[in-house]
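**Student:** here are the coordinates; sequence isn't available:
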């Protein structure tokens, strides 16, 4: 049986351990985010801000810089969150250290008094006399039990002191590490903040250079969006034709909104769906410059940019890979546009746009990670792959499907 003091100590240690583990999990999650943003900044500098990109248009430079500023702001925020969490952990540890020191002092005082008392009556003769002076066997047995319990209690008190001393040492070690980690995070954030200030000044300078003729730049952005919308409409028309054809072959209504699947196609579709969030990137190195959905233009916030997929900035002549096994449904050649590859995976379709080279043809079977083409690089040195995922004729957010996108 545990005495009250031991029970309280174990309860406190258990609650403390649970709290430390919870905070540790939060720190690990924040650290993973911080490393992700740091890696993204490295990729941005390499892919969007290298010396080879000096011929870029002002619009592209502003777009790239706006993206970089957002990533750096995210890095500053997550680093601040880490530092604040460390501050709370440091305060909690300092409070626990103070409490433990008081408990330890009390325990040592009680233990000292117990040892003195025990020493005064420790002789074997005293214990024997204590037992022999019993009035009957029952009393002698109780006195024997008392001697044993007193000895056990002394040992428990010694173990309590040892446990609290070790806990105190661990907390002091953690405190030193936490303060060092916090100082490092604060120092890193100062550097990051200075970089952000430089980038914001550069962004303002670039915006100043186009502000006098903003309407002209806005018109160009709208025209580009119209061209993207035209290609999107053509892709959706082709997908709907493929759906109608699959239903015609299966003897079903051609007005159906979903593919008619063969047993083999059903298996591929199920396998594709089971890999949601785990599919590989379609390029080896890249950053998502334009995300899925509708967003404001960094040049003119009144202009909206719509994206049925993601646009990935990558390196020159980057090889494009199939994200899953499937069949080449079509290689699309649209006027005033670079080649587009459409791969079918049951009732799912992946689309790879803005290619300079295509290594496969319609009807080919492709494997996961098979190279199917190369990304086109424009005159400004920008290599951008537009990547989309459709379920039947409805576009889905690729970030929900691609690993860590």
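**Tutor:** Yep, that arrived. Just so we're clear, the structure is a prediction, and the values are computed from it rather than from any experiment.

**Student:** low pLDDT regions in this structure?
**Tutor:** Confidence mapping of the chain against pLDDT under 70 gives the ranges 1-23, 51-55, 104, 107, 110-132, 134, 137, 140-141, 143-144, 146-161.

**Student:** ok, 90 please
**Tutor:** Applying pLDDT under 90 to the chain picks out residues 1-25, 27, 43-61, 63, 86-179, 181, 209-214, 253-256, 335-336, 378-382.

**Student:** can you point me to the longest strand in it?
**Tutor:** When the chain is parsed with DSSP state E, its longest strand is strand 383-391.

**Student:** mind giving me the packing neighbours of that one?
**Tutor:** Under the contact definition 3 or more C-beta pairs under 8 Å, 6 or more residues apart in numbering; DSSP states H and E, strand 383-391 sits against strand 310-314, strand 348-353, strand 371-375, strand 394-396. Where C-beta positions appear, they are placed from N, C-alpha and C, glycine not excepted.

**Student:** need the contact partners of that strand.
**Tutor:** Strand 383-391 is contacted by residues 47, 235, 239, 282-283, 286, 289, 308-318, 320, 347-355, 375-378, 395-398, 401 when judged by C-beta atoms under 8 Å, 6 or more residues apart in numbering.

**Student:** so what are the domain limits for this protein?
**Tutor:** When the chain is parsed with automatic domain parsing, its domains come out as 4-211, 220-400.

**Student:** tabulate those domains (TSV), appending mean neighbour count.
**Tutor:** Shown next, in TSV, are the domains of the chain (neighbours: other C-beta atoms under 10 Å):
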stretch	mean neighbour count
domain 4-211	14
domain 220-400	17
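
**Student:** confirm for me that residue 345 is in contact with residue 329.
**Tutor:** No. Counting by C-beta atoms under 8 Å, residue 345 does not reach residue 329; the two are 9.6 Å apart.

**Student:** so residue 166: helix, strand or coil?
**Tutor:** helix (DSSP: H, G, I helix; E, B strand; the rest coil).

**Student:** if we can go back for a sec, got the helices and strands packed on strand 383-391 as CSV, with distance to residue 244 columns?
**Tutor:** Compiled in CSV, the helices and strands packed on strand 383-391 are given as follows (distance: least, C-beta to C-beta, whole Å):
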stretch, distance to residue 244
strand 310-314, 28
strand 348-353, 14
strand 371-375, 25
strand 394-396, 16
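
**Student:** so which of those strands gets nearest residue 189?
**Tutor:** strand 310-314 (26.2 Å; C-beta to C-beta).

**Student:** residues making contact with the helix or strand following the closest one?
**Tutor:** Later in the chain than strand 310-314, the nearest helix or strand by DSSP states H and E is strand 319-321. With C-beta under 8 Å, 6+ apart as the contact definition, strand 319-321 has outside contacts at 280, 282-284, 341, 352, 355, 369-375, 385.

**Student:** tell me the strands beside strand 319-321, with direction?
**Tutor:** Next to strand 319-321 in the sheet, as set by DSSP bridges, lie strand 371-375 (antiparallel).

**Student:** surely residue 281 meets residue 398?
**Tutor:** No. Counting by C-beta under 8 Å, residue 281 sits too far from residue 398 to count as a contact (9.6 Å).

**Student:** which residues do these two both contact?
**Tutor:** The overlap between the contact sets of residue 281 and residue 398 (C-beta under 8 Å, 6+ apart) consists of residue 405.

**Student:** which ones are touching the closest residue to residue 87 other than its chain neighbours?
**Tutor:** Spatial nearest neighbour of residue 87, excluding adjacent residues (C-beta to C-beta, 6 or more residues apart in numbering): residue 182 at 6.7 Å. Applying C-beta under 8 Å, 6+ apart to residue 182 gives the contacts 83, 86-87, 90.

**Student:** look up how far residue 100 lies from residue 182.
**Tutor:** Residue 182 sits 22 Å away from residue 100 when distances are taken as C-beta to C-beta, to the nearest Å.

**Student:** what do you get for residue 262?
**Tutor:** 69 Å.

**Student:** nearest residue to the most centrally placed residue in the chain other than its sequence neighbours?
**Tutor:** Nearest to the geometric centre of the chain sits residue 33, at 5.0 Å (C-alpha atoms, centre = their mean). Of all residues not flanking residue 33 in the chain, residue 78 sits nearest, at 4.7 Å (C-beta to C-beta, 6+ apart).
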